[in-house]
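Student: quick one: sequence and predicted model below, then my questions.
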Amino acid sequence: MKVFIVGVGYVGLVTAACLAELGHQVCGADIDAEKIEKLKKGECPIYEPGLEAIIKKNIKAGRVKFQVGIDKNINKFDLAMIAVGTPERESDGRADLFYVSETAKHVAQNCSKKDFVVIGKSTVPIGTAMQIRQSLATYSGGKTRFHVGSNPETLREGNAVSDFMNPDRIIIGGDKKAQVALLKLYEKIDCPKIVTNARSAEMIKLAANFMLALRVSATNMLSRVCDVTGADIEKVMEGVGMDKRIGPQFLKAGIGYGGSCFPKDTKSIRAISDHHRLDTSIFDAVIGINADQRKWFCQKVDEITLFTLKNKKVAVWGLAFKPDTDDTREAPAVDVIKWLLEEGAHVNVYDPVASVKKIFGSEIKHCRDMYEAAEDSEVLLVVTEWDEFKKADLKKVKEKMLVPKIVDGRNVYDPKAVRNLGFEYVSMGRP
């Protein structure tokens, strides 16, 4: 099939590359001319394992191309996918659909085909497909009959290529023609395909991310109970996860979730519930626990440094919200660094791929490696669980540090082994 994808950010770019890998002819369009020029050269603007290689391969094979904006070229394609950003509105936490609406408008104005399928790929509020349909009808002047569907992405950053090619399921919503087009698009992928209406498809994505955020926050709340009682959260959740009704996934204590999905989608479904005057207490609890877990971590830092960080050098390992990505959106590290600066600390940071230079500039030291970050520090904070940190030479780290103290926000290390090396060590929910 021939697929025109609008928006080549994280979701759109992975979708474009992987659909091309499946043998489809794909064009990725974006208003960012600089990004498009890089992509035409095979340069990937985001860090995602395996993605750049697929882009280069399919550019060479002629299966994927990139262009600036939407034009009459869209009429050469079988369907369009809208994968533009839906940032959170500051006023009420709902997703801002401005870019979705503008995309629908430009698709309608440029499309002259008798029938055309338009699919929403971005994570959006329930009812967005209907709004897209109305916008398309308004701006097309009736010359095209649009068939609108919803096909929300289910990609994990750091595992996106694998998730696309080997998904747990594919969610297909919309009218009959949109459903048929999507089933054909994904016919080479062997997995369950959930076929439903657009509203249900939109709800599935929001509900799934909320349920995962709920598990993370529940585990983190239980880790605090373990902290004050002397229980070990890892053994507790190992036992809990063996219950087949619960399972072991997303039961790991830490400093809280981040990224572009869990925070935004939980707030979005909360805003929808509030709009319809439904009880929002469960959403409020998940959001509140996640925010408080960062404060709980900072409290541990406060205690291990004897409640004074002024003029102390602090090493921060990890900036991305999770390993194998350069995404720092809603990342716990950003909040932790802000707090450290407020307390008067001197902050050294290191992450294998992520950067916060645009946020903090020269307020902090951006280090070349983890050992440079640890140099003369009085406490080391582990904020992202990169494999590089798990393999660190802790004897070397201790030699570099002024005071050998570690606060492990991701439970990366074995407490006994680290303490045997001479560190003062605290983690999340473990004695």
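Tutor: Sure thing, it's come through. Numbers count the residues shown, from 1 in each chain.
Student: residue 427 and residue 410, how far apart?
Tutor: 8 Å (C-beta to C-beta, to the nearest Å). C-betas here are computed from N, CA, C, even on glycine.
Student: swap that for residue 266, please
Tutor: 21 Å.
Student: and the protein, what are its domains?
Tutor: Segmentation of the chain into domains, based on automatic domain parsing, reads 2-196, 230-431.
Student: which one of those domains lies closest to residue 215?
Tutor: Residue 215 sits nearest to domain 230-431 of all those, at 4.1 Å, using C-beta to C-beta.
Student: from one end of the closest one to the other, what's the distance?
Tutor: End-to-end span of domain 230-431 (C-alpha to C-alpha, to the nearest Å): 6 Å.
Student: on that earlier part again, more neighbours: which of residue 427 and residue 410?
Tutor: Neighbours were counted for residue 427 and for residue 410 using other C-beta atoms under 10 Å; residue 427 has more, 27 against 24.
Student: surely that one meets residue 416?
Tutor: No. Residue 427 is beyond contact range of residue 416, at 11.5 Å (criterion: C-beta atoms under 8 Å).
Student: in the protein, which spans are strands?
Tutor: 2-6, 25-30, 64-68, 79-82, 115-120, 145-150, 170-174, 193-196, 313-317, 346-350, 365-366, 379-382, 405-408, 424-426 (DSSP state E).
Student: those: which one's closest to residue 305?
Tutor: Taking those one by one with C-beta to C-beta, strand 379-382 is closest: 5.5 Å.
Student: against residue 384, how distant is the spatially closest residue to residue 390 that is not a sequence neighbour?
Tutor: Among residues not flanking residue 390 along the chain, residue 412 sits closest, at 5.4 Å (C-beta to C-beta, 6 or more residues apart in numbering). According to C-beta to C-beta, residue 412 stands 9 Å off from residue 384.
Student: and the two? Which one has more around it.
Tutor: Between residue 412 and residue 384, counted using other C-beta under 10 Å, the more crowded position is residue 384 (29 against 20).
Student: list the contacts of that one.
Tutor: 317, 318, 319, 320, 321, 322, 323, 331, 333, 351, 354, 410 (C-beta atoms under 8 Å, 6 or more residues apart in numbering).
Student: check what pLDDT the residue lying closest to it once chain neighbours are set aside gets.
Tutor: In this structure, residue 384 finds its nearest non-sequential neighbour in residue 318, 2.5 Å apart by C-beta to C-beta, 6+ apart. On pLDDT, residue 318 comes in at 98.
Student: same deal with residue 185?
Tutor: Value for residue 185, per-residue pLDDT: 98.
Student: same thing with residue 96?
Tutor: 84.
Student: and for residue 88?
Tutor: 81.
Student: how many other residues sit next to the residue lying closest to it once chain neighbours are set aside?
Tutor: The shortest distance from residue 88 to any non-neighbouring residue, by C-beta to C-beta, 6+ apart, is to residue 264 (5.0 Å). By other C-beta under 10 Å, 21 other residues sit near residue 264.
Student: buried residues of stretch 28-41, list them for me.
Tutor: 28, 29, 30, 31, 35, 36, 39 (16 or more other C-beta atoms under 10 Å).
Student: can you check stretch 390-402 too?
Tutor: 392, 394, 397, 398, 400, 401.
Student: of all the domains of the chain, which one comes closest to residue 218?
Tutor: domain 230-431 (7.9 Å).
Student: show me the contacts for residue 345.
Tutor: 309, 310, 311, 312, 313, 314.
Student: now list the buried members of the residues you listed.
Tutor: 309, 312, 313, 314.
Student: would TSV of these with pLDDT and distance to residue 431 be doable?
Tutor: Shown next, in TSV, are the buried ones among the contacts of residue 345 (pLDDT from 0 to 100; distance: C-beta to C-beta, whole Å):
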residue	pLDDT	distance to residue 431
309	96	25
312	97	26
313	98	28
314	98	24
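Student: from those, which two are the most distant?
Tutor: Across these (C-beta to C-beta), the longest gap, 9.7 Å, separates 309 and 313.
Student: ok, the residue nearest to residue 390 to residue 253 distance?
Tutor: 12 Å.
Student: residues touching the nearest residue to residue 99 once chain neighbours are set aside, list them.
Tutor: Of all residues not flanking residue 99 in the chain, residue 84 sits nearest, at 4.0 Å (C-beta to C-beta, 6+ apart). Residue 84 sits next to 6, 7, 9, 12, 99, 100, 102, 103, 122 when contact means C-beta under 8 Å, 6+ apart.
Student: whichever of those end up buried, select them in ChimeraX.
Tutor: The ChimeraX command for the buried members of the contacts of residue 84 (criterion: 16+ other C-beta under 10 Å) is given here:
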select :6,7,9,12,99,100,103,122
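Student: which one of the contacts of residue 84 is nearest to residue 303?
Tutor: residue 9 (40.3 Å).
Student: which residues do residue 412 and residue 384 both contact?
Tutor: By C-beta under 8 Å, 6+ apart, no residue touches both residue 412 and residue 384.
Student: that concludes my questions; thank you for your assistance.
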